[in-house]
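**Q** Curious how this folds, go ahead:
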Amino acid sequence: MLRRLGLWLKRFVLVVIVAVPTLGLLTSGLKGGLRESERSADDRQKPTADGRKGDRAKGNQGRVVGLAGRAVDESDEAAVERAVERLDRRLEEVWQTEGIEVASPADWMTVCRRLSLALVGTGVPLEEIRLLESFPAGERVDRYLERLLRDSRHHSYWGERLTRALVGAEDGPFITFRRRRFRLWLSEQIASNQRWDALVRQLITARGLPTDQPEVNFLTVTLNSSENEQPNPIRLAAKLSRVMLGLRIDCLQCHDDFLGNVSLGEAANLRRGTQQDFHALAAFFSPARFNGLQGIRDIDHPYRYQFLGSEATVAVEPAVPWGAAWLPETGSVRQRLATWLTHPENRPFALATASRVWALMFGRAAGDAVDDLPLDRPAPPALDALADELVSSGYDLRHLIRVVAKSKAFRLASQAGFEITSRHEELSSVFPLVRLRPEQVAGSVIQASRVKPIDPESALLVQFQKFIGINDFLARYGDVGEDEFDHQSATITQRLLMLNGELVREQGRQEGLLNATSHVNLFSTSDRLAIENLYLCVLNRPPDADESEAFLRRLNAGDGGGDGGGDGGGAADSDRPQRLRLMEDLFWVLVNSSEFAWNH
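**A** Numbering: from 1, shown residues only. The predicted model follows:
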């Protein structure tokens, strides 16, 4: 009998040993061993190669170590600092000339939240906030920036954002267009820090099948039924002009510019744009033809168009609207266009790229629109400086992101002791208030419900829950599509979805074994700390004294008094019904606050 009992006991222990870690993996994303960020924090105290202990960054000559323990060349860091000085100096000159007030610097938590929203589309996980607190205050933002730039979440998020700009948000033609394939390829290019000019040349000159050569999808997304399922040169010319040149010349497709809205030609001799300009640009894409077996290939196929007022179609020769000297005489038609487009002296290309990066970082364009930089008007001062830096850095997007993220403009507060007007935001003397995009709202809600980052290291079930949750939320909340920088006010339906929707309700419930509300309730050593941790999870800042006291009073009122607000108060009462309800209610309140819905 005892022998049988011992056998059953061993089986029970074995089941517990296997089941508990497995359950933890499936519900919270916990894994054996340390995360990379955790490992780097511990490794700082390990002996270096020469046997010395202490911060490994200090013994790593010529390198700057980021939060993830990865090193950045000191020469690159110096180049970034010089570029930041030039950008800051240019903006300060404008501020002085305009006589405009400048906000004070924002605190480090606010800047880290901006970085996280811009680079990965969510708020900062509680785990990363606590880890950052272990570093000197002056290093936290820069360390977090380096952590995010090497994070696969950043590569995936910017891959999606740039995919929307290049091929749109829709699925496109069936079979001949693979949006997911294109997005994954673009994410890989971002991860490897591919030169932006080289990537653009790949898009313009792409050949082959869309499944085999992902860049081909830039062309096949325009396949239409009007010409036997062939790429549409007109749509490609419009996309090139907007995304890669920052010019809105779509109207020239149908008529000449009669209102003086579109200026083309050489910088010293600008003129009104014509139909000929637009269709001569479209003619570069005419040789790109699609074959079901070979995909995109170049053949001799003249471009023809019937101009306004003409009775017949005429052949249109490929030509560029300015900088004809940069157009090579040899090579295929599309190769010549790609070389002209990415020429170092082609200023609109550099400005358009700088404008896109600035908008992705700030959440709004530096000018009137991200793709509206007319040749007859001076570019915003910040874009002028960034365009110079982009060319001199070899079209290094990661370098440009670092420059923007370390600039004074990006790290200013969004509130000030003076009255803030639209002019302050236009000149970047305060950080602009920008409503979160739908995918940022959903991503931030889901990330706020977890203590650890939700990334490819997380359990598959956790990643799947995030994927389903975001897609379901966007289907109800609405997606902005390609025009993601055209900000609109929240609708009644969107507010009701946040107040009563399943996503917010499910993510804040205590039933989730290791949701943030459960974690905070179980492991916070006092009521005051529990409230602080939930604030950090959702808003990425601690509560102020009034907020903290208000929720502590609510706890005490429900418990009939007591000292839940002390450093050790309530430490052993995490299962109190009032505290359990407060954790859920507080999560709901914070997620539905105006502060959560805005980047500030």
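
**Q** can we go C-alpha only for contacts and neighbour counts from here?
**A** Will do.

**Q** Got phi/psi on residue 294?
**A** When read as degrees, to the nearest 10, the backbone of residue 294 gives phi -110, psi -10.

**Q** Next one, pLDDT for the closest residue to residue 171 other than its chain neighbours please.
**A** Residue nearest to residue 171 in three dimensions, not counting chain neighbours: residue 179, with 6.2 Å by Cα to Cα, 6 or more residues apart in numbering. Looking at residue 179, its pLDDT reads 91.

**Q** before we move on, what about the one 5 residues further on?
**A** Reported pLDDT at residue 184 in the predicted model: 96.

**Q** what sits against it?
**A** Residues counted as contacts of residue 184 (Cα atoms under 8 Å, 6 or more residues apart in numbering) are 156, 159.

**Q** what secondary structure does it sit in?
**A** Following DSSP: H, G, I helix; E, B strand; the rest coil, we place residue 184 in the helix state.

**Q** Okay, strands next: where are they in the stretch 501-600 of the chain?
**A** 598-599 (DSSP state E, counting those that start in this stretch).

**Q** And for the chain?
**A** Assigned by DSSP state E, the chain shows strands spanning 63-65, 71-73, 263-266, 269-272, 288-291, 295-298, 303-305, 314-316, 434-435, 598-599.

**Q** TSV please, covering the ones you listed and showing distance to residue 531, mean neighbour count and mean pLDDT.
**A** What follows is the strands of the chain, written out as TSV (distance: least, Cα to Cα, whole Å; neighbours: other Cα atoms under 10 Å; pLDDT from 0 to 100):
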stretch	distance to residue 531	mean neighbour count	mean pLDDT
strand 63-65	33	19	38
strand 71-73	36	14	57
strand 263-266	57	18	92
strand 269-272	61	13	92
strand 288-291	60	21	92
strand 295-298	58	19	93
strand 303-305	66	17	92
strand 314-316	68	14	93
strand 434-435	25	18	92
strand 598-599	21	18	94
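
**Q** Out of those strands, flag the one nearest residue 373.
**A** Residue 373 lies closest to strand 263-266 among the strands of the chain, at 10.7 Å (Cα to Cα).

**Q** Name the surrounding residues that touch the closest one.
**A** So strand 263-266 is in contact with 270, 271, 272, 273, 321, 322, 323, 374, 375, 376, going by Cα under 8 Å, 6+ apart.

**Q** partners of that strand in the sheet?
**A** Strand 263-266 has its sheet partners listed here by DSSP bridges as strand 269-272 (antiparallel).

**Q** For the strand it pairs with, give me every contacting residue.
**A** Identification of contacts with strand 269-272 by Cα under 8 Å, 6+ apart yields 256, 257, 258, 260, 261, 262, 263, 264, 265, 376.

**Q** leaving aside the residues next to it on the chain, what's closest to the fifth one?
**A** Meaning residue 261. Excluding its sequence neighbours, the residue lying closest to residue 261 (Cα to Cα, 6+ apart) is residue 272, at 7.8 Å.

**Q** Same check on the last one?
**A** Spatial nearest neighbour of residue 376, chain neighbours left out: residue 263 (6.2 Å); criterion: Cα to Cα, 6+ apart.

**Q** Where does pLDDT dip in the stretch 351-500 of the chain?
**A** Within the stretch 351-500 of the chain, the segments meeting pLDDT under 70 span 481-484, 486-488.

**Q** domain parsing for the chain?
**A** By the assignment in automatic domain parsing, the chain contains the domains 153-341, 433-600.

**Q** just to revisit the earlier point, may I see the contacts of strand 263-266 arranged in a markdown table, with distance to residue 117 as well?
**A** Shown next, in a markdown table, are the contacts of strand 263-266 (distance: Cα to Cα, whole Å):
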| residue | distance to residue 117 |
| --- | --- |
| 270 | 40 |
| 271 | 41 |
| 272 | 40 |
| 273 | 39 |
| 321 | 38 |
| 322 | 38 |
| 323 | 38 |
| 374 | 29 |
| 375 | 32 |
| 376 | 34 |
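
**Q** Filter the residues you listed down to the buried ones and express that as a ChimeraX selection.
**A** Those of the contacts of strand 263-266 that count as buried under 16 or more other Cα atoms under 10 Å are selected in ChimeraX with:
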select :273,321,322,374,375
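
**Q** circling back to that earlier point, roughly how far apart are the residue nearest to residue 376 and residue 184?
**A** Using Cα to Cα, to the nearest Å, residue 263 is found at 37 Å from residue 184.

**Q** same thing with residue 280?
**A** Distance, residue 280 to residue 184, by Cα to Cα: 33 Å.

**Q** Touching, residue 312 and residue 304? I think so.
**A** No - taking contacts as Cα atoms under 8 Å, residue 312 lies outside contact range of residue 304: 9.7 Å.

**Q** how distant is stretch 120-138 from the center of its chain?
**A** 17 Å (Cα atoms, centre = their mean, to the nearest Å).

**Q** Only the buried residues of it, if you could.
**A** Applying 16+ other Cα under 10 Å to stretch 120-138 flags 120, 121, 122, 123, 124, 125, 126, 127, 128, 129, 132 as buried.

**Q** who's in contact with the third one?
**A** It stands for residue 122. Residues near residue 122 by Cα under 8 Å, 6+ apart: 116, 440, 441, 443, 444, 447.

**Q** Farthest-apart pair in those, please.
**A** So for the contacts of residue 122, where distance means Cα to Cα, the most widely separated pair is 116 and 441, at 12.6 Å.

**Q** which one of the two has more residues nearby?
**A** Neighbour comparison, residue 116 and residue 441: the larger count goes to residue 441, with 25 against 22 (by other Cα atoms under 10 Å).

**Q** Skip the chain neighbours and tell me the closest residue to that one.
**A** residue 597 is the one closest to residue 441 (Cα to Cα, 6+ apart), at 6.9 Å.

**Q** Report the contact partners of that neighbour.
**A** 435, 436, 441, 591.

**Q** separation between the nearest residue to residue 153 once chain neighbours are set aside and residue 114?
**A** Spatially, and ignoring its direct neighbours in sequence, residue 153 is nearest to residue 120 (5.5 Å; Cα to Cα, 6+ apart). Distance of residue 120 to residue 114, given as Cα to Cα: 10 Å.

**Q** so of the contacts of residue 597, which ones are in helices?
**A** Within these, residues falling in helices by DSSP state H are 441, 591.

**Q** for stretch 489-506, how far is the first residue from the last?
**A** First-to-last residue span, stretch 489-506, Cα to Cα: 26 Å.

**Q** from the middle of its chain, how far away would that stretch be?
**A** 23 Å.

**Q** can you list the residues that contact it?
**A** Residues contacting stretch 489-506 (Cα under 8 Å, 6+ apart): 445, 446, 469, 473, 476, 477, 588, 591, 592.

**Q** how about those residues in CSV, adding neighbour count and distance to residue 356?
**A** Listed next are those as CSV, based on neighbours: other Cα atoms under 10 Å; distance: Cα to Cα, whole Å:
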residue, neighbour count, distance to residue 356
445, 28, 26
446, 26, 27
469, 19, 28
473, 23, 26
476, 12, 28
477, 23, 25
588, 21, 34
591, 22, 29
592, 16, 30
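
**Q** quick one: which of these is nearest to residue 420?
**A** residue 592 (25.0 Å).

**Q** quick one: contacts for that closest one?
**A** When contacts are counted by Cα under 8 Å, 6+ apart, residue 592 touches 498, 499.

**Q** Same question for residue 595.
**A** By Cα under 8 Å, 6+ apart, the contact list for residue 595 reads residue 539.

**Q** mind listing the helices for the stretch 201-350 of the chain?
**A** For the stretch 201-350 of the chain, the helices defined by DSSP state H, counting those that start in this stretch occupy 217-220, 233-239, 275-282, 333-341, 347-362.

**Q** Output the strands of the chain as a markdown table; include the columns distance to residue 156.
**A** Formatted as a markdown table, the strands of the chain follow (distance: least, Cα to Cα, whole Å):
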| stretch | distance to residue 156 |
| --- | --- |
| strand 63-65 | 23 |
| strand 71-73 | 21 |
| strand 263-266 | 36 |
| strand 269-272 | 40 |
| strand 288-291 | 29 |
| strand 295-298 | 26 |
| strand 303-305 | 37 |
| strand 314-316 | 40 |
| strand 434-435 | 22 |
| strand 598-599 | 20 |
